[in-house]
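Visitor: Structure of the sequence below:
(one chain, ligands or ions: 1)
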Amino acid sequence: MCGIIPGIFVAFFIFVSMKKNILLAVCFVLPLSIAFAQKPEEAPLDRQERMQWFQDAKLGIFIHWGIYSVYGIDESWSFYNNMISYEDYMEQRKGFTAKNYDPDAWAELFKESGAKYAVLTTKHHDGMALWPTKYNDLNVVKSTPAGKDLVTPFVNSIRKAGLKAGLYFSILDWSHQDYPEFTRTVKKYKDDPKRFASFVDFYSGQLNELNNLFKPDLFWFDGDWSYDEKAFQTDMVKARLYKDNPDLICNSRLRGGDYGTPEQGLPLTAPKEDYWELCMTINNSWGYQPNDKKYKSAAKIISIFADVISLGGNLLLDVGPMEDGTIPEKQVEVLKELGRWTKKHETAIYESLPGIPRTHFNGPSTLSKDSTILYLFFDYMPNEDIVLKGVKNKINRIWVVGNGTKLKYEVFMKAYWSQVPGLVYIQVPDEVLDPEMTVLAVLLDGKIDLYGEAGQVIESN
Ligand code: FHN
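Guide: I've put the predicted structure just below:
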């Protein structure tokens, strides 16, 4: 159909141009034929529209919950890396009860942390599904004492709390008979396209099942590293997901996708993708591991979060519930303290734009959506004034975010004859400092305008 329409316009174009009325033809026919020729799904607005909530959200909570929480060992990797036999790993399913699972309480805690979305592992690499999939019996309903669907209550509670619902899904499945890899040292088969194709039917079937049961706001794919997009038939799989769920956004881990997913390591320059999210653990483990005491304090997480949003990214902070569904107390404590800070500084966080270069301010910064307010973040007790460099704008006022105290500031090094902006020294009294990270708001006389040149020689005096 798309091909016919441009043809009509071309024929009309020829007719009109024969009448020497070329101007009319070009002004009327050409734009229309281009518009019809461009398929709607290519329209860049579509992706920008779908990604807007994600870009504004800034903070999400990742939840790694599965049978690996029974022994408190590495999720899936513990058997893949031969740290425990597959049989012994799967024995954990007998201890997975979810008896204290309270998705409403989870949702309230995530909301209190300041998160705007949450992503639950529906199936990790071990193949154990947290919903009653019809594609096999390896699911918590049929294979564990939990005996119930854990995904539906999660999605319902998260949405009831006003958060967006994301579903993590492992493309690879080391338990599935038609997925080649079993452990790091054992493969089920070598090159058998027929068997791999039936695995593709399986994984895409489960994905479509999740997509149509829950219409998730976000799919967090994982585990696509061993085979290419042709083998996984990613284009076909994703086209179907988007067709059935047009507002869906997908991460980059099914080859391509809508946003990048750096993991555990802090990006020090903005990743190449125009949308991205750093996922990281709250201690060193994705799932519940009582022996892992190496928790990042709320202060450390806030500092990482400020660095991430200053580069225009989101933070997806992971928690690992126990087998019964209880979120460990230490993790609750960290999320609540994070929530104190995000609530107090929400104007500087949500819907913000990336900040200014570290040459201009020695720390993370963000900008208001209209770029007229610059937010400066610092997590230390300044022993001198805080200095802001290279801002051409006139500064209307500076205040402390979350307590409103207006601050004095002085400009030094500004010669009347020079175009080079002065250095703005901001006086920050100890009593306005936040226990974790203080944020200052600098109201400018318009959109921020930065100087970045090499200075200038004197022109007059
Ligand atoms: O192998 C998984 C790992 O277990 C964990 O789920 C992380 C979370 O992003 N993803 C994979 C490693 O990148």
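
Visitor: so what's the residue positioned nearest the centre of the chain closest to, chain neighbours aside?
Guide: Nearest to the geometric centre of the chain sits residue 277, at 3.5 Å (Cα atoms, centre = their mean). Using Cβ to Cβ, 6 or more residues apart in numbering and skipping the chain neighbours, the partner closest in space to residue 277 is residue 314 (4.0 Å). For glycine as for every other residue, the C-beta is placed from the backbone atoms N, C-alpha and C.

Visitor: List the residues that contact that neighbour.
Guide: Each residue near residue 314 by Cβ atoms under 8 Å, 6 or more residues apart in numbering is listed here: 54-55, 57-60, 276-278, 308.

Visitor: give me that answer again for 10 Å
Guide: 54-60, 115-117, 259, 261, 275-279, 305, 308 (Cβ atoms under 10 Å, 6 or more residues apart in numbering).

Visitor: Could you identify the buried members of these?
Guide: 54-55, 57-60, 115-117, 259, 261, 275-279, 305, 308 (16 or more other Cβ atoms under 10 Å).

Visitor: Intersect those residues with the contacts of the ligand.
Guide: Among those, the ones lying near the ligand by Cβ under 6 Å from any ligand atom are residue 279.

Visitor: What about the buried ones among the contacts of residue 314, which are in helices?
Guide: 54-55, 57, 305, 308 (DSSP state H).

Visitor: Pipe the residues you listed into JSON lines and attach pLDDT per row.
Guide: Putting those into JSON lines (pLDDT from 0 to 100) gives the following:
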{"residue": "54", "pLDDT": "98"}
{"residue": "55", "pLDDT": "98"}
{"residue": "57", "pLDDT": "98"}
{"residue": "305", "pLDDT": "98"}
{"residue": "308", "pLDDT": "98"}
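
Visitor: Could you pick out the longest helix of this structure?
Guide: Max-length helix for the chain by DSSP H is helix 193-214.

Visitor: list the helices and strands whichever helix or strand comes after that one packs on?
Guide: Scanning forward in sequence from helix 193-214 by DSSP states H and E, the next helix or strand is strand 218-222. Where contact means 3 or more Cβ pairs under 10 Å, 6 or more residues apart in numbering; DSSP states H and E, strand 218-222 is packed against helix 44-57, strand 59-63, strand 117-123, strand 164-170, helix 193-214, helix 234-244, strand 249-250, strand 277-281.

Visitor: quick one: which of these is nearest residue 444?
Guide: helix 44-57 (21.5 Å; Cβ to Cβ).

Visitor: If we go by neighbour counts, what in that closest one is buried?
Guide: Buried, per 16+ other Cβ under 10 Å, within helix 44-57: 47, 50, 54-55, 57.

Visitor: again with stretch 83-94
Guide: 84, 86, 89-90, 92-93.

Visitor: can you check stretch 277-288 too?
Guide: 277-283, 285-288.

Visitor: I'd like those residues laid out as JSON lines, including distance to residue 122 and pLDDT.
Guide: Listed next are the buried residues of stretch 277-288 as JSON lines, based on distance: Cβ to Cβ, whole Å; pLDDT from 0 to 100:
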{"residue": "277", "distance to residue 122": "18", "pLDDT": "98"}
{"residue": "278", "distance to residue 122": "22", "pLDDT": "98"}
{"residue": "279", "distance to residue 122": "16", "pLDDT": "98"}
{"residue": "280", "distance to residue 122": "20", "pLDDT": "98"}
{"residue": "281", "distance to residue 122": "19", "pLDDT": "98"}
{"residue": "282", "distance to residue 122": "20", "pLDDT": "98"}
{"residue": "283", "distance to residue 122": "23", "pLDDT": "98"}
{"residue": "285", "distance to residue 122": "19", "pLDDT": "98"}
{"residue": "286", "distance to residue 122": "14", "pLDDT": "98"}
{"residue": "287", "distance to residue 122": "14", "pLDDT": "98"}
{"residue": "288", "distance to residue 122": "17", "pLDDT": "98"}
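
Visitor: Now render those as a markdown table, adding distance to residue 172.
Guide: Listed next are those as a markdown table, based on distance: Cβ to Cβ, whole Å:
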| residue | distance to residue 172 |
| --- | --- |
| 277 | 21 |
| 278 | 22 |
| 279 | 17 |
| 280 | 22 |
| 281 | 20 |
| 282 | 25 |
| 283 | 25 |
| 285 | 20 |
| 286 | 16 |
| 287 | 17 |
| 288 | 22 |
